[in-house]
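Peer 1: When you get a sec, could you give me coordinates for this:
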Amino acid sequence: MKEVRFFYVPDAATQTELPQEEATHALRVLRIQTGDELFLMDGKGVFYRAEVSLATNKRCIYEVKEVMPQQPAWRGHIHLAIAPTKMMDRIEWMAEKATEIGFDEISFLNCKFSERKVIRIDRIDKIVVSAVKQSHKAWKPVVNELQNFKDFITAPRNGRKFICHCYEEIEKKDFFAEISKSCPADDSAGAAQEGTDDITVLVGPEGDFSIDEVRLALENGYESVSLGTSRLRTETAGLVAVNMCHLARAL
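Peer 2: Below you'll find the model as predicted:
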């Protein structure tokens, strides 16, 4: 079977030409020519089957032949908020693998014990786009800028909110057990209330959140949870949390 070639084109429905970076890859690496078939993804839930109508040294113009809306593979909105590690290659690896598994949004937290205060969001976003194409995901996760821990936890959010930590003096529930429970009851119209399936989960830096940060999160409606009995690296904990969310919310 011929390999399916996917390209990320955010405005695929209204455009007729691959973005420059995608065009360069298509023309110089894949040697795509006029008349070849390719598939586009807009990152918003739609695939497009297209045909190359013109391929030059620098431009790849296409014509959409079929619009293919995709169905979500999980319920709700999965949002991981994580403190970036000192070695960025570890958090980049985590973002790539979490995208392959499937989630909706990633935020980066500046915490008391954070060892990294600066992060290149553009680089993370490129890694996420590449993983979206490789894993044929219809939705591209949102990649947010680094923000202060307090600013993040005080912002309003739908669904249930969790903070993972290792403090023995603060009672913790099992994260997977909690998110596997039935969702809140349907409303009077018989449909699930908007946002009730949403999950926001916080993972701290290599030195964990400070105990004051954990308590502040609890004061703002976050639930104290554990990811299991093993002590995990930050990037491993983030990936485990995303995988648990995906398993609990899979359709």
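Peer 1: Got phi/psi on residue 53?
Peer 2: Reported as degrees, to the nearest 10, the phi and psi values for residue 53 are phi -100, psi -20.
Peer 1: I should have written residue 52 there, sorry.
Peer 2: phi -70, psi 120.
Peer 1: who touches it in this structure?
Peer 2: 32, 33, 34, 35, 36, 37, 38, 60, 61, 62 (C-beta atoms under 8 Å, 6 or more residues apart in numbering). Just so you know, the C-beta spots here come from the backbone N, C-alpha and C atoms, and that holds for glycine as well.
Peer 1: buried ones in stretch 118-134?
Peer 2: Under the neighbour-count criterion of 16 or more other C-beta atoms under 10 Å, stretch 118-134 has 119, 124, 125, 127, 128, 129, 131, 132, 133 buried.
Peer 1: With secondary structure and distance to residue 166 added, can I get those residues in JSON lines?
Peer 2: Output for the buried residues of stretch 118-134, formatted as JSON lines (DSSP: H, G, I helix; E, B strand; the rest coil; distance: C-beta to C-beta, whole Å):
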{"residue": "119", "secondary structure": "coil", "distance to residue 166": "23"}
{"residue": "124", "secondary structure": "helix", "distance to residue 166": "26"}
{"residue": "125", "secondary structure": "helix", "distance to residue 166": "30"}
{"residue": "127", "secondary structure": "helix", "distance to residue 166": "28"}
{"residue": "128", "secondary structure": "helix", "distance to residue 166": "28"}
{"residue": "129", "secondary structure": "helix", "distance to residue 166": "33"}
{"residue": "131", "secondary structure": "helix", "distance to residue 166": "29"}
{"residue": "132", "secondary structure": "helix", "distance to residue 166": "32"}
{"residue": "133", "secondary structure": "helix", "distance to residue 166": "36"}
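Peer 1: Which single one of those residues is nearest to residue 234?
Peer 2: Residue 234 has its nearest neighbour among those in residue 119, at 13.2 Å by C-beta to C-beta.
Peer 1: Contacts only, for residue 110.
Peer 2: 83, 117, 146, 147, 148, 149.
Peer 1: And what about residue 109, helix, strand or coil?
Peer 2: Recorded secondary structure, residue 109: strand (DSSP: H, G, I helix; E, B strand; the rest coil).
Peer 1: typed the wrong thing, it's residue 90
Peer 2: helix.
Peer 1: need the contact list for the closest residue to residue 170 other than its chain neighbours.
Peer 2: Excluding its sequence neighbours, the residue lying closest to residue 170 (C-beta to C-beta, 6 or more residues apart in numbering) is residue 224, at 5.5 Å. With contact taken as C-beta under 8 Å, 6+ apart, residue 224 is in contact with 162, 163, 165, 170, 171, 172, 173, 214, 218.
Peer 1: now residue 119: how far from residue 221?
Peer 2: Distance, residue 119 to residue 221, using C-beta to C-beta, to the nearest Å: 26 Å.
Peer 1: And for residue 141?
Peer 2: 23 Å.
Peer 1: Specify which residue of these two has the higher count of neighbours.
Peer 2: Higher neighbour count among residue 141 and residue 221: residue 141, with 25 against 13, using other C-beta atoms under 10 Å.
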